[in-house]
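# fold the following.
(one chain, ligands or ions: 1)
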Amino acid sequence: MKLPEPLQQAIAAAADSIPAPALAHAAAGLGRAYAGASPPSFASPESRIAYLVARLPAIFAVNCWILSELARLRPEIEVRSVLDLGCGPGTATLAADEIFGPLQTATMADNDPGWTRMRARVMAGAAPQLAAVSRSAIADLRRPGRFEQHDLVILSYALGEMDSASATGLVERAWACARHAMVIVEPGTPRGFRTIVAARAALIDARADIVAPCPHTGQCPLTRGKDWCHFDAQVERTRRHQRTKAGSLSYEIEKFSYVIAAPAEAAKDPGPARIIKHPLKKSGHVILDLCTAGGAIERVIISKRDQDSYRLARAARWGEIWSPPEGEMK
Ligand SMILES: C[S@@+](CC[C@H](N)C(=O)[O-])C[C@H]1O[C@@H](n2cnc3c(N)ncnc32)[C@H](O)[C@@H]1O
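Just a heads-up that it's a prediction; the model follows:
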C-alpha cells in the first residue's frame, strides 16, 4: 500500500524540523532497540520523529491490513469510535479512520507524555477531521483503570512492552471496553507471537469470539512446534524513508502477528481455513499450508485437475482465508 498523501506530508513536515544526520542517528538507535528486543526509548523529539519516519508507515500498513480483514469478515460491524491503547503517534487510530472513517470519537492513551504534542501535530496535518474528534489520555496501562466503551479497541505494538501479568490484566480490561471488536498486533517474531498467544487465551477465557486469524478457538497448534503464526504487509517507501533506514528497496515488508476478537455470536460457523505461509505455486499444482477449523495445521496440494480450486489457489495469498468451492477438495 501507499501511505495517504496527507499523512506522508505530515511526517515530512515533522522530519524537516531536524537535520537529516540527527534523524538517521535516531533511527539507527530505534533499530538497535528493536533488534535487542528491549522497548525503544522515546526520550527525545528526534527519537519520536525517527519513529514517524522509520516505523509508522509499516505499522500503519499492518493496521490497515488487519482492519480490512475485520471489515471483510464482519461487514455488519460499524466502527464509529476507537480506543487506541499504547497509542504512540496514533498509528492505529489513523489506520482505523482510513478503513472505517470518518470516526466520531477516538481516545488515545499512552504513558509517555512526550507523544501528546507530536501526535496532535501529525494528526492535525494528516487528518484534521480526526484530530477534531480525538482525545488524549496519559495513563500507565499496567495499572487498573477504566476507559469508556468504544466500538473498536486496538493495542498496536504495545502489549509486548509489558510484563506478562500486566499484559493479561490489560487485555481483560481492554476487552471490557470493546463494544464490537478488539485488535491486538505485535511484531511477527517468535516473541510477538507468544504475546499474541497469551492475549488470545485471555480473550477466549473472557468468552470472546476469535474472528481472525484463527478459524477455531482451540489451542493454537503452532505453540507445539518451532513455527510461529505471522503474516506480512507491504508499504511503499518514500525517498526519505530509504535514506533514513539506509535501504535501497522501494517498498518495505513488515511481518506481524495479530488477533481480532469480537463478542461471541450465537451458533457462529467457525469458518474455513487460514493460509499461514506463502502458497507454493508449482507447475500443475499449488501447495497451501493451512490452519484449519479443526485446530490443526494441514498441508494441502491442489492439482490442476481440480479446476476451480486450482484457479483459486493460484490467486491465493498468505494470510487469506482458504475457502475452496463446494464438492472439490478442502
Ligand atoms: C512501539 S510503540 C507503538 C505505538 C503505536 N501503538 C503504534 O502502533 O505505532 C509502544 C507504545 O506503547 C507505549 N507504552 C508502553 N508501555 C506502556 C504502559 N505501561 N502504559 C501506557 N503506554 C505504554 C509506549 O509509550 C509507546 O508509545
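# which bits of this protein sit near the ligand?
Counting by CB under 6 Å from any ligand atom, the residues of the chain close to the ligand are 56, 59, 86-88, 91-92, 110-112, 115, 140-142, 156-158, 161-162. (Glycine included, C-beta is placed from N, CA and C.)
# out of the residues you listed, which are buried?
Taking 16 or more other CB atoms under 10 Å as the criterion, what is buried in the residues of the chain next to the ligand is 56, 59, 86-88, 91-92, 110, 112, 115, 141, 156-158, 161-162.
# the least confident helix or strand in the chain by mean pLDDT: what's the following helix or strand?
Here the helix or strand of the chain ranked lowest by mean pLDDT, DSSP states H and E is helix 239-244, holding a mean of 78. Tracing the chain past helix 239-244, the next element assigned as helix or strand by DSSP states H and E is strand 251-263.
# average pLDDT for that next one, rounded please.
Across strand 251-263, the average pLDDT comes to 95.
# could we number from 30 for the rest of this?
I'll keep to 30 as the first residue from here, and by that count the last item is strand 280-292.
# beyond it, next helix or strand please.
For strand 280-292, the succeeding helix or strand toward the C-terminus, using DSSP H and E, is strand 302-304.
# tell me the strands beside that next one, with direction?
Applying DSSP bridges to the sheet, strand 302-304 is found paired with strand 314-320 (antiparallel), strand 350-351 (antiparallel).
# quick one on the thing from earlier: restricted to helices, list the residues of the chain next to the ligand.
85, 88, 120-121, 144 (DSSP state H).
# biggest separation within these, which pair?
Distances among those were taken as CB to CB; the most separated pair is Ile88 and Trp144, at 13.9 Å.
# can you report phi and psi for the nearest residue to Ala290 once chain neighbours are set aside?
Distances taken as CB to CB, 6 or more residues apart in numbering place Ala237 nearest to Ala290, at 3.9 Å, with adjacent residues excluded. Main-chain torsions, Ala237, degrees, to the nearest 10: phi -80, psi 160.
# Glu215 too?
phi -140, psi 160.
# please apply the same query to Ala241.
For Ala241, the backbone dihedrals (degrees, to the nearest 10) come out as phi -160, psi 160.
# ok, Ile167 next?
Dihedral angles (degrees, to the nearest 10) for Ile167: phi -90, psi 120.
# state the pLDDT value of the nearest residue to Arg109 once chain neighbours are set aside.
Among residues not flanking Arg109 along the chain, Gln133 sits closest, at 4.4 Å (CB to CB, 6+ apart). pLDDT, the model's per-residue confidence, is 98 for Gln133.
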